[in-house]
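A.B. asks: 3D model of this:
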Amino acid sequence: MTFQMSDADLIARLRNYEDQFVERKTVGDLKDCLKTVVALANSAPIGMQCVIYVGVKDDGQFENRQYDFDSVQKTLNRMLQNIYPRAAYFLKLITDGNSTALAVVVPGSEHRPHFSGPSFIRVGSETLEASQAQFDILIAMRGSKVYRLAQHLGKQVSVINNSLLGNGTFMRGSWNKVPTIVDCNEFWLTLQCPGEKSCSFPLRDVELNYDNQHDRLQLEITIRQM
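C.D. replies: So this is what the prediction gives:
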């Protein structure tokens, strides 16, 4: 993402008190920067550049004393490494001609939601930090269909095909072999029958039901044939 704000833009933004995506902090008040960056990345329109000004007062005036902003930037970088997944931000020094402040530019994120720390999962008897793939599954599981499918990972399911042929004919039939769910996310579902390669289907084409006869989940998959 390209940084597009000039010094003049940043100074003008600092003076604008009606901007809900601007935060002003003194150098001694950095403790909330982590959650503020997370909130801005999660809340602003995607790509919109929000700004946290460090070294300014609530009235928009620069602090009178000078600070070691190299040290301030290092402190902020360490702090913001705790955002999960990582959020984009840019650091830029600005001046009013006499004093210096630091602008932390935070774009509205396309990778939201972000959190002020990693997620953890249990693997056997260990508590481990979730990988990006595992984190994505946790987020996707909030959707009811993905959540239910994830509960059946590694389990056999019944499958019914609802085939829509190119001539408008509709056909319905059950799979001869019983597949196992081997993967699922918010976009697709992957099944595998014994002795065969796995196959994936768009999640939008999968409906959930229950096979009471065999006491297992039943999937009804719409197959569109041209």
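
A.B. asks: need the pLDDT of Glu207.
C.D. replies: With respect to pLDDT, Glu207 scores 94.

A.B. asks: which residues pair with it across the strands?
C.D. replies: Glu220 (DSSP bridges).

A.B. asks: so it makes contact with Leu219?
C.D. replies: Yes - using C-beta atoms under 8 Å, Glu207 is in contact with Leu219, at 7.3 Å. Placement of C-beta: from N, CA and C, glycine included.

A.B. asks: more neighbours: those two, which one.
C.D. replies: Taking neighbours as other C-beta atoms under 10 Å, Glu207 and Leu219 compare with Leu219 leading, 23 against 13.

A.B. asks: pretty sure the more buried one is touching Ser158, no?
C.D. replies: Yes - the pair Leu219 and Ser158 passes the contact test of C-beta under 8 Å, sitting 7.1 Å apart.

A.B. asks: could you name every residue contacting both of the two?
C.D. replies: Here Leu219 and Ser158 share no contacting residue, scored by C-beta atoms under 8 Å, 6 or more residues apart in numbering.

A.B. asks: residues contacting the closest residue in space to Leu80 that isn't next to it in sequence?
C.D. replies: By the measure of C-beta to C-beta, 6 or more residues apart in numbering, the closest residue to Leu80 outside its immediate chain neighbours is Val37, 5.9 Å from it. Residues in contact with Val37 (C-beta under 8 Å, 6+ apart) are Ile52, Leu80, Ile83, Ala87, Tyr89, Val104, Val106.

A.B. asks: list the contacts for the fifth one?
C.D. replies: Tyr89 makes contact with Val37, Leu80, Val104, Val105, Val106, Pro107, according to C-beta under 8 Å, 6+ apart.

A.B. asks: over to Leu138. Which of the three states is it?
C.D. replies: helix (DSSP: H, G, I helix; E, B strand; the rest coil).

A.B. asks: any idea how far Asp215 is from the closest residue to it other than its chain neighbours?
C.D. replies: What sits nearest to Leu138 in space, not counting adjacent residues and going by C-beta to C-beta, 6+ apart, is Ser119, at 5.9 Å. In this view, Ser119 and Asp215 are 33 Å apart by C-beta to C-beta, to the nearest Å.

A.B. asks: same drill for those two, tell me which one is more crowded.
C.D. replies: Legend: neighbour count by other C-beta under 10 Å for Ser119 and Asp215, higher for Ser119 (14 against 8).

A.B. asks: quick check: phi and psi at the more buried one.
C.D. replies: phi -100, psi 150 (degrees, to the nearest 10).

A.B. asks: that one against Ser131, yeah?
C.D. replies: No - if you go by C-beta under 8 Å, Ser119 and Ser131 don't touch, sitting 9.7 Å apart.

A.B. asks: that older thread, among the contacts of Val37, which ones are in helices?
C.D. replies: Leu80 (DSSP state H).

A.B. asks: just send the contacts of Val37 back as CSV, with distance to Ile181 and pLDDT too.
C.D. replies: As requested, these are exported to CSV (distance: C-beta to C-beta, whole Å; pLDDT from 0 to 100):
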residue, distance to Ile181, pLDDT
Ile52, 44, 95
Leu80, 38, 95
Ile83, 32, 93
Ala87, 33, 92
Tyr89, 39, 95
Val104, 44, 96
Val106, 39, 95
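
A.B. asks: which helix or strand lies directly C-terminal to the worst-scoring helix or strand of the chain on mean pLDDT?
C.D. replies: In the chain, the helix or strand scored least confidently by mean pLDDT, DSSP states H and E is helix 132-140, which has a mean of 77. Per DSSP states H and E, the first helix or strand lying C-terminal to helix 132-140 is helix 144-150.
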